[in-house]
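Engineer: What follows is a predicted protein model with its sequence.
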Amino acid sequence: MSDSVNTPEAPRSAPGHLSPHTPGVSVRRTRAKGEPRFPDGPKADPAGSHFERRIRSFQPRRSRVTAGQADALQRLWPQWGFDIDGRGVLDLAAFFGNGNPVVLEIGFGMGEATAQMAAADPATNVLAVDVHTPGQGNLLNLADQLGLSNVRVGNGDAIILLREMLAPDSLDGLRVYFPDPWPKKRHHKRRLIQPEFLTLAAARLRPGALVHCATDWEPYAEQMLDVLTAHPAFENTQAHGGFAPRPEFRPLTRFEGQGLEKGHVVNDLLFRRVQHEDQPSTGA
């Protein structure tokens, strides 16, 4: 497999041929077999075979990493990125360098909304998780450009992160924006928002923590509403018990705008973690 990147140190070409330094020319560099894509960056499968195989709600996508994204991954991953390997519980205060509230975002895409929300609320730390390498690089690049210190980028399975690497009551919020809807009926079991997931998330969320979901796939929105409403650890913030209007703090993303142009209906759900005497907040 090869990566297409702009290579400033490539040798000069013979007279009459295009130089790799010519603007707009992309040079292909072939990696040796087994060579990691980014030696100091995210691993291809950080948890490896340490945990049981199960149905996953995500499907890794391979796409081109731009020169800017590659540069951000090489420079910033050791400082702001981490692999979800499930081998230890994160000390979030030490990880962010402060004791500010931490919100977990699962599936941030290219990271534009994540960066905007982090910039608008610097007193809240954002633990952003995805498996898409270009998106990881893009978010790191945006955080760097905006001078953000409250964003950390996780690579891997959010279930392993929640179950193995986060302490009980360690999160002040959960964001799941436009997850894969898995529209075919036989794939519905892959959808992230399920009762089992909510039980696990509830164990890591402090009472009062906000769970915010958004989707442009109406059947999935209805399922989200049903399972969140039925779960005893959460209550709807809307008095009428339905969907919420898009809050001002959630930016309108490019992906969302494209969906709206196609006539899609976007639904937001805002639920709050509650504490019941018969449901302790510890354990998974």
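Structural biologist: Everything's here; your move. The model shown is predicted, which means the values in this text are computed figures rather than measured ones.

Engineer: How is this structure partitioned into domains?
Structural biologist: The record's domain parsing of the chain by automatic domain parsing lists 1-35, 51-273.

Engineer: now, of these, which is deepest in the fold?
Structural biologist: Each of those was scored by mean neighbour count; the highest is domain 51-273, a mean of 18, by mean count of other C-beta atoms under 10 Å. Any C-beta I mention is one placed from the backbone N, CA and C, and that applies to glycine too.

Engineer: now it, how far from the chain's geometric center?
Structural biologist: Per C-alpha atoms, centre = their mean, to the nearest Å, the displacement of domain 51-273 from the mean C-alpha position of its chain is 5 Å.

Engineer: Show me what the mean pLDDT comes to for it.
Structural biologist: The predicted model gives domain 51-273 an average pLDDT of 93.

Engineer: State the phi and psi torsions of Asn236.
Structural biologist: The phi/psi pair for Asn236 (degrees, to the nearest 10) reads phi -70, psi 140.

Engineer: Give me the distance between the closest residue to it other than its chain neighbours and Asp144.
Structural biologist: Sequence neighbours aside, Phe271 is the residue nearest to Asn236 in space, at 5.6 Å (criterion: C-beta to C-beta, 6 or more residues apart in numbering). Distance of Phe271 to Asp144, given as C-beta to C-beta, to the nearest Å: 33 Å.

Engineer: now for the strand or helix carrying Thr229, which elements pack on it?
Structural biologist: Under DSSP states H and E, the secondary-structure element containing Thr229 is helix 218-230. Counting contacts by 3 or more C-beta pairs under 8 Å, 6 or more residues apart in numbering; DSSP states H and E, helix 218-230 is packed against helix 195-204, strand 205-215, strand 234-236, strand 267-273.
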